[in-house]
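A.B. asks: structure of the sequence below:
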Amino acid sequence: MPLKAFRGPKVWLWRWRRNPLKRRADTMEAWVLLGAWLLTLLAGVLAGLAAARSVEDGLARERVEWHPVVAHVMERAPGSAGPESDSSDGERVWARVGWTVADGSAHTGQARVPAGSKAGTPVTVWTDPQGHLVTR
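C.D. replies: Okay, here's the model as predicted:
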């Protein structure tokens with residue numbers, strides 16, 4: 001015989017039902033459990049809001065610090081971009097680019113450029129205050 005047959009039917013909100021055999025401790029337990037659930041729910045919401053605010057603040061700070069710089073392709077990018085190829089699809093490939101930051105120092109790195117770009121082609125890249133490449 002299954003175990004359920006010995007326990008009887010499950011009653012929804014059994015801690016709150018009226019019962020002449022219910023003790024004061026049962027009522028207190030029900031209130032404590034309800035309080036614990038509400039406190040857990042509130043703590044979860046507050047933690048989520050704090051995390052969201054922290055992420056938003058970090059992203060806003062990055063938006064202020066990061067800026068676009070014109071870089072130049074250092075060598076021909078892979079792919080074809082001639083009139084016989086369909087370059088209107090916006091295919092972009094990784095290529096080595098070079099740029100100069102405000103203090104005059106030269107930097108190089110990998111960036112996505114249109115396929116078949118020739119050496120010297122200007123492209124826009126985003127850099128942080130130190131001149132390192134970052135995502136747009």
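A.B. asks: please, where are all the strands along this structure?
C.D. replies: Secondary structure of the chain, counting by DSSP state E: strands at 67-73, 92-100, 106-114, 122-127, 133-134.
A.B. asks: okay, now the unreliable bits of the chain?
C.D. replies: 1-12, 14-16, 81-89 (pLDDT under 70).
A.B. asks: max-length helix in it?
C.D. replies: Scanning the chain for the longest helix, with DSSP state H as the assignment, gives helix 24-65.
A.B. asks: residue 59 is nearest to which of the strands of the chain?
C.D. replies: Between residue 59 and these, the shortest gap by C-beta to C-beta is with strand 133-134, which sits at 12.0 Å. To be clear about C-beta, it is placed using only N, CA and C from the backbone, and glycine gets the same treatment.
A.B. asks: contacts made by the closest one with the rest, please.
C.D. replies: The contact list for strand 133-134 (C-beta atoms under 8 Å, 6 or more residues apart in numbering) reads 62, 66, 107, 109-111, 125-128.
A.B. asks: CA atoms only: put stretch 66-84 into CSV for me.
C.D. replies: Coordinates of each C-alpha in stretch 66-84 appear next as CSV, following Å, rounded to 0.1, in the frame of the first residue of the first chain:
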residue,chain,number,x,y,z
TRP,A,66,35.6,54.8,-23.9
HIS,A,67,35.8,56.8,-27.1
PRO,A,68,36.1,56.1,-30.9
VAL,A,69,39.5,56.4,-32.6
VAL,A,70,40.3,56.2,-36.3
ALA,A,71,42.6,53.3,-37.0
HIS,A,72,44.1,52.2,-40.3
VAL,A,73,44.3,48.6,-41.6
MET,A,74,48.0,47.6,-41.6
GLU,A,75,47.8,44.9,-44.3
ARG,A,76,45.1,43.7,-46.7
ALA,A,77,42.2,42.0,-44.9
PRO,A,78,41.2,38.5,-46.0
GLY,A,79,38.3,38.1,-48.3
SER,A,80,37.3,39.8,-51.5
ALA,A,81,35.7,43.1,-51.9
GLY,A,82,35.9,43.6,-55.6
PRO,A,83,33.0,44.5,-58.0
GLU,A,84,32.6,40.8,-58.8
